[in-house]
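1. fold the following, please.
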Amino acid sequence: MKKMIFSAVALVAFSFAGMANEVEEKEEKIVVKTNCSSYAMASTVAESNYYGNTMSSSQFAEAYTFYYNTCVDANNNGAILLAPVFVG
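-> Numbering: from 1, shown residues only. Predicted coordinates:
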């Protein structure tokens, strides 16, 4: 009698343990994208101001393009951009 009760309890316990693993977990991924035009303009203006507004229009365009491309690459790779740091 004891073996039958033990067997019934064990069967119920293993049944619940087996069902517990059947829960599907949904993974939610949050993607943060930076507005690259705004980032590039703000970064280029900040760099220009830091160095005393000495950029020519071609230098400004080159810096803007650099920051814009950096932002696009970061967005494509899922990276988060930080504010640029200028070393004087």
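2. show me where the chain has its helices.
-> Taking DSSP state H as the criterion, the chain contains helices spanning 2-20, 36-50, 57-77.
3. contacts only, for the residue nearest to the spatial centre of the chain.
-> When C-alpha atoms, centre = their mean is applied to the chain, the residue found nearest the centroid is residue 78 (4.6 Å). Counting by C-beta atoms under 8 Å, 6 or more residues apart in numbering, residue 78 makes contact with residue 31. To be clear about C-beta, it is placed using only N, CA and C from the backbone, and glycine gets the same treatment.
4. change the start of the numbering to 9 and stick with it
-> Let's use 9 as the start, then, which means that last one is residue 86.
5. state the pLDDT value of it.
-> In this model, residue 86 is scored at 84, pLDDT.
6. same deal with the one 4 residues further on?
-> The predicted structure scores residue 90 at 82 on the pLDDT scale.
7. likewise for residue 60?
-> Listed pLDDT for residue 60 reads 89.
8. which ones are touching it?
-> Residues in contact with residue 60, defined by C-beta under 8 Å, 6+ apart, are absent; none qualify.
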